[in-house]
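Q: Got a predicted structure here, sequence first:
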Amino acid sequence: MASKKLLIRDLTLRDGQQSLFATRMTQQMVDSVLPHYKDAHFYAMEVWGGAVPDSVMRYLNEDPWVRLETIKAAIGDTSKLTALSRGRNLFGYSPYPESVIEGFNRNAVQSGIGIMRIFDALNDTNNVASTIKYVKQSGALADCCICYTVDPRFSRGERIKAALSGRRLPKRIFTEDYFIQKAKMLESMGADMITIKDMAGLVPPHKAASIVSALKRQVRIPIDFHTHCTPGYGLASVLVAIVNGADVVDTNLWWFAGGPAAPAYELIHIFCQKMGIDTGVNIEAVGRIDEGLKQVREEFRAKGMDNYAMPIDFDIRSYKLPAAVDALFDRAISEAQAGQFEALLGTTHAIEAHFGFPPANERVKEAEIPGGMYTNMLAQLKQLQLENLMGRTMQLIPSVRVAAGCPPLVTPTSQIVGAQAVNCAIDESKGKPMYTSTNTQFVNLVKGGYGKTPIAVDPEFRLKIAGVREETPYDTSSYTKQPNPTFAEYGDDVKLVSNEKEELLLELFPQVAGKFLTDRIVSKYETERQAKLAAEEQAREAERERYRALSAEQKEEILMRGLSDFNNLY
């Protein structure tokens, strides 16, 4: 009897390094493991998008397109390469015109992307429509995400106070039906697969069970489950997603897994072996990749770039689990199948503890916000020496979020809401009305510039914040392209941007790409200039040698005849 199949999307080279090491893998580090990745046969490898294009230019002085094309050349067609984009916003906070969206997706696919993972921070399906179209036109698959988020929590006292002031706080927004309806809409728009995207790791096992099973009943296209381990749900929720029929799950390899990253493939492999599920992954190649990744992680650690607990050494090619640990895996499977979710969490935590993965971040778990949002707010307050306002800031997040239309807490809306909550806490501490200070992104969010929010923004609040009562959608008609200056010192035809890929980098990352491209041009022409000067000096030195080799009579003859070949040599 044929075993059940499960597809694996490996996140190591994009989400994994971004979550743990701020996207600092150099091209050389990536190249060191690519031959083994070709042999591993993951269904897909997420290698581009997210923070990669910005970070490789900003910190590594490398070309993002070269990064993608080099990986494609090494991997070929053995795994589909995946990139992550924000739909109409691509990588920024503002929407782009259709020409930029089309050009980016066409070039990404031509350079090697086989699956474009598309999400919108508001789960506004209008914001991903054009990307779906252009990705499919270019011959790739459109993987459409539904960003998982939780409802804001209000105490009974806060609800009573709001009611007395004539306001009603929302009770349930992000229900199972909410996610199902979004999935159906995306399917009707041409999505080739649906991903439950839980970048904050907030999906507990019981939610994973209900959402995945409901999607499998009501949606015809494949379902991918994506989560992180930050608050301690990750491993248990991925196991539950598998038990409930997920077609694809996202994992990282051993040394890039756990903590704020996704669960380790190796642990999922053990579960799948025990359940008779075939992932199609070559564990011999996985073992070789792990050897290379351990060296990369040790290098990060030596440079002070690794702040997380390292797991113990483990070789998936030749492991033998202690009997007690082996029993934990069996118990976890039984608990997942029986729906014993609280017990399952205890069991998966024990498994992770045995292997040395970081424990659950209880602060993030309690706050129910992304870890990056929490740390950014704290950093903002520390910079102002106002850390004492962190508690009040956390209390204000639900009301700030509801006032802004209750956006999901995912980049960039999580940062927008978090920054505004900080502003409100500071205003309040100074005796000023809240929202005296607002950030530009919050104004645009309330105004409607990011798209439709899950609940309507109060028109009076919009008037107060943005100066208009009516929702005002984004308008790209006044969009102007970035200038393309000429480097006259190197020639009238030498410009900052010389092809469409460079043009796209400049449009998407004006400051970072502008510096990167400028430095590259200066380096190229200065290198050529120095080489030319060196060649000229070498030629002059050769003439000097020739002159030195002449006899006194020959030198005198040259001078008498006026043959000044060597006049300027000394």
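A: It's in. Everything quoted here is computed from the prediction, not taken from an experiment.
Q: separation between the closest residue to Leu396 other than its chain neighbours and Pro473?
A: The shortest distance from Leu396 to any non-neighbouring residue, by C-beta to C-beta, 6 or more residues apart in numbering, is to Ala421 (4.6 Å). No exception for glycine: its C-beta is placed from N, CA and C like everyone else's. To Pro473, Ala421 is 25 Å away according to C-beta to C-beta, to the nearest Å.
Q: Same check on Glu541?
A: When Glu541 is compared with Pro473 (using C-beta to C-beta), they lie 68 Å apart.
Q: same check, this time on Ala488
A: Separation of Ala488 from Pro473 (C-beta to C-beta): 42 Å.
Q: quick one, which of those two is more surrounded?
A: Pro473 (13 against 8; other C-beta atoms under 10 Å).
Q: Contacts only, for the more buried one.
A: Neighbouring residues of Pro473 by C-beta atoms under 8 Å, 6 or more residues apart in numbering: Gly448, Gly449, Gly451.
Q: what do you get if the cut-off is 6 Å, keeping everything else the same?
A: Contacts of Pro473 were listed using C-beta atoms under 6 Å, 6 or more residues apart in numbering, and they are Gly448.
Q: what's the answer for Val410, then?
A: Contacts of Val410 (C-beta under 6 Å, 6+ apart): Ala121, Cys147, Met199.
Q: Out of those residues, the closest to Gly356 would be?
A: Of all the contacts of Val410, Gly356 sits closest to Met199, with 23.9 Å by C-beta to C-beta.
Q: What separation do you get for the closest one and Gln18?
A: 10 Å.
Q: residue boundaries of the helices in the stretch 51-200 of the chain?
A: Ranges of helices within the stretch 51-200 of the chain are 52-58, 64-75, 98-110, 129-137, 156-164, 176-188, based on DSSP state H, counting those that start in this stretch.
Q: got it, and the stretch 451-570 of the chain?
A: So, for the stretch 451-570 of the chain - with DSSP H, counting those that start in this stretch - the helices run 459-466, 500-508, 510-549, 552-561.
Q: Show me which positions of the third one end up buried.
A: This points to helix 510-549. Using 16 or more other C-beta atoms under 10 Å as the test for burial, helix 510-549 gives Val512, Ala513, Gly514, Phe516, Leu517, Ile521, Tyr547.
Q: worst-scoring helix or strand of the protein, pLDDT-wise?
A: Lowest on mean pLDDT, DSSP states H and E among the helices and strands of the chain sits helix 156-164, with a mean of 69.
Q: before we move on, the earlier item: got a markdown table for the helices of the stretch 451-570 of the chain, with mean pLDDT and distance to Asp192 too?
A: Shown next, in a markdown table, are the helices of the stretch 451-570 of the chain (pLDDT from 0 to 100; distance: least, C-beta to C-beta, whole Å):
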| stretch | mean pLDDT | distance to Asp192 |
| --- | --- | --- |
| helix 459-466 | 95 | 37 |
| helix 500-508 | 96 | 24 |
| helix 510-549 | 85 | 30 |
| helix 552-561 | 76 | 80 |
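Q: quick one: average pLDDT of stretch 60-80?
A: The predicted model gives stretch 60-80 an average pLDDT of 97.
Q: Ignoring the adjacent residues along the chain, who's closest to Val100?
A: Glu507 (5.4 Å).
Q: Give me the neighbour count for the one you found.
A: 21.
Q: i'd like the first residue to be 11 from this point on
A: From this message on, residue numbering opens at 11, which makes the last subject Glu517.
Q: Would you mind confirming that it is in contact with Pro107?
A: No: counting by C-beta atoms under 6 Å, Glu517 stays clear of Pro107, with 9.4 Å between them.
Q: buried stuff in stretch 128-148?
A: 128-135, 137-146, 148.
Q: correction: stretch 95-114
A: Here stretch 95-114 shows 95-101, 103, 105-107, 110-114 as buried, counting by 16+ other C-beta under 10 Å.
Q: could you give the mean pLDDT of that stretch?
A: The model assigns stretch 95-114 a mean pLDDT of 91.
Q: For that stretch, give me every contacting residue.
A: Against stretch 95-114 from outside (C-beta under 6 Å, 6+ apart): 59, 128, 130, 137-138, 140-141, 144, 422, 451, 484, 486, 489, 514, 517-518.
Q: Pick out whichever of the residues you listed sits closest to Val76.
A: Leu514 (13.9 Å).
Q: residues contacting the closest one?
A: Gly113, Phe114.
Q: Distance of it relative to Ile128?
A: Distance from Leu514 to Ile128, by C-beta to C-beta: 17 Å.
Q: swap in Thr185?
A: The value you get for Thr185 to Ile128, if C-beta to C-beta is used, is 23 Å.
Q: Tell me the secondary structure of Leu241, please.
A: Small correction: residue 241 is Pro, not Leu. Assigned with DSSP: H, G, I helix; E, B strand; the rest coil, Pro241 falls in the coil class.
Q: show me what contacts it?
A: Contacts for Pro241 (C-beta under 6 Å, 6+ apart) come out as Gly211, Ala370, Asn371, Val374, Lys375.
Q: ok, of those residues, which come out buried?
A: Buried subset of the contacts of Pro241 (neighbour count, 16+ other C-beta under 10 Å): Gly211, Ala370, Asn371, Val374, Lys375.
Q: between these, which is nearest Lys474?
A: Minimum distance to Lys474 across the buried ones among the contacts of Pro241 is 31.7 Å, recorded for Val374 (C-beta to C-beta).
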